[in-house]
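Colleague: The following comprises the amino acid sequence and a computationally predicted model.
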Amino acid sequence: MELERTFKEAGMPEYTFKSILADSAIAEKIILSDIDAVSFTGSVETGMRIAELAGKNLKKFVLELGGSDPFIVLDDADIELAAQCAVTSRMMNGGQSCIAAKRFIVESSVLDEFTSRFVKITENLKIGDPLDPNTDVGPLVRESQIKRMQEFVEDAVSKGAKILTGGNRVPGNGFFFQPTVLANVNHSMLVLNEEIFGPIAPIIEVQNKDEAVMEANRTNFGLCASIWSRGEAEGLARRIQSGSVFINRIVSSDPRLPFGGVKKSGVGRELSRYGLLEFTNIKSIVKN
């Protein structure tokens, strides 16, 4: 709504930018109207429905869907920095971010040190009002998300995972869930097969860099990834199946860079020149 107001104040023609508050039924009617293209950010299920509607009518579409971003810590990483950034990336917005780190893949030689630092930092996070600047972790969006986090934890524990910290709802009012760290996870567990949209962090041990890449790619998602190493990590980054890879940096969105994923993380790109080209019809005129 604020963007619409800004467009109007800038003197742009009416309806250059228009905000519509609508439910899914109205959104479907809009897609089937005489619009030319659709861009959507949200769940895989809704994205598939939008792709179906747009595809049937031969309309361009861009989908930015879920993610299960790997956070890879190699044996030559700055472990203190990596652990601090790992917690920040996982717990931002209460863990409710498509680009939050969601799987922590750590070489065995630095696993204990990284895990110890990660848990200590996590246990010192302040949970509370998101409008309070001193708060580190705010609430989840609704009651059903609390139940979903409990399902993730209970499923993991029943299959052999160990809770290093957290694991429960925060007592009292509000949809708060404790920042949680899990060890001894495996691929029979939901936490490694579905997107975790909440403050739960599974830590995965690998023996070497090749195994780290294999583990990073062992997912139906491919939005973003990050690699932490003091050495040369670009070669590994090229082997990661994702739309972008950040080396010694937390994943972020930059309007100068194309943003989007592969596999079930979406189709097409947002931002940058590439994002503009997604909604451009290219015409060739040939003249003798």
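Modeller: Looks like it arrived, so ask away.

Colleague: Per the annotation, how does the chain divide into domains?
Modeller: 2-65+260-278, 69-247 (automatic domain parsing).

Colleague: what is the rounded mean pLDDT of the longest one?
Modeller: Spelled out, it's domain 69-247. For domain 69-247, the mean per-residue pLDDT is 97.

Colleague: Is residue 249 in contact with residue 225, as I believe?
Modeller: No. When contacts are counted by Cβ atoms under 8 Å, residue 249 is not listed as touching residue 225 (11.2 Å). C-beta: built from backbone N, CA, C; applies to glycine.

Colleague: Of the two, which one has the most company?
Modeller: Neighbours per residue (other Cβ atoms under 10 Å) separate residue 249 from residue 225, with residue 225 holding more: 28 against 12.

Colleague: Make sure I have this right: that one is in a strand.
Modeller: Yes. Per DSSP: H, G, I helix; E, B strand; the rest coil, residue 225 lies within a strand segment.

Colleague: What segments of the stretch 51-200 of the chain are strands?
Modeller: 60-64, 69-73, 101-107, 162-165, 180-183, 200-206 (DSSP state E, counting those that start in this stretch).

Colleague: Describe which strands the first one pairs with in its sheet and in which direction.
Modeller: Looking back up the chat, that one is strand 60-64. Strands that pair with strand 60-64, judged by DSSP bridges, come out as strand 37-41 (parallel), strand 266-267 (antiparallel).

Colleague: Could you report the neighbour count for the closest residue to residue 200 other than its chain neighbours?
Modeller: Closest residue in space to residue 200, ignoring its immediate chain neighbours: residue 180 at 4.6 Å, by Cβ to Cβ, 6 or more residues apart in numbering. Other residues near residue 180 number 25, with proximity taken as other Cβ under 10 Å.

Colleague: which residues does residue 90 contact?
Modeller: When contacts are counted by Cβ atoms under 8 Å, 6 or more residues apart in numbering, residue 90 is found next to 71, 100-102, 104, 199, 201.
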